[in-house]
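**Student:** Quick one, fold the following:
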Amino acid sequence: MFAALASVSRIVALAAGCSVGVEAAQYVLRLDRVSSVDDVLLNAAGAGLAALASRRWWRAAARASGPCATEGSPTVGSCTGDGGRAT
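**Tutor:** Model prediction:
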């Protein structure tokens, strides 16, 4: 579902971008909150650590949802190793 995010660097970039957005909103809306670069860095670092810790599950999920996972897939024949030819 989120195959475009299946890399640690992309997740860190997304987390940093979202964190910058929240910090900018706090600054612009003057919500009696302090905007801090430290928050952005720590949020991005936390997302990176979580991405590293969960890579094992990403790979398992990618294998489970690959083209060979469902019978209705048009590429099921190519997953048999025979180039899609019936034997």
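
**Student:** distance between the helix or strand of the chain with the lowest mean pLDDT and the chain's centre?
**Tutor:** Taking mean pLDDT, DSSP states H and E as the measure, the chain has helix 55-64 as its least confident helix or strand, at a mean of 78. Per CA atoms, centre = their mean, to the nearest Å, the displacement of helix 55-64 from the mean C-alpha position of its chain is 12 Å.

**Student:** Now do the helices in this structure.
**Tutor:** Counting by DSSP state H, the chain has helices at residues 8-29, 37-53, 55-64.

**Student:** May I see the buried residues of the least confident helix or strand of the chain?
**Tutor:** Of the residues in helix 55-64, those buried by neighbour count under the rule 16 or more other CB atoms under 10 Å are residue 58. In this view, the C-beta of every residue, glycine as well, is placed from N, C-alpha and C.

**Student:** now the angle between helix 37-53 and it, please.
**Tutor:** Between the axis of helix 55-64 and that of helix 37-53 there is an angle of 50 degrees, by axes from the mean of the first three to the mean of the last three CA atoms, to 10 degrees.

**Student:** got a list of contacts for helix 55-64?
**Tutor:** Surrounding helix 55-64, the residues in contact under the criterion CB atoms under 8 Å, 6 or more residues apart in numbering are 3, 6, 8.

**Student:** Pull out the buried residues from these.
**Tutor:** Neighbour counting with 16+ other CB under 10 Å marks residue 8 as buried within the contacts of helix 55-64.

**Student:** From residue 54, how far off is the nearest residue to residue 31 once chain neighbours are set aside?
**Tutor:** Excluding the flanking residues, the one nearest residue 31 by CB to CB, 6 or more residues apart in numbering is residue 25, at 7.9 Å. From residue 25 across to residue 54, the span is 28 Å (CB to CB, to the nearest Å).

**Student:** buried residues in stretch 24-31?
**Tutor:** residue 26.
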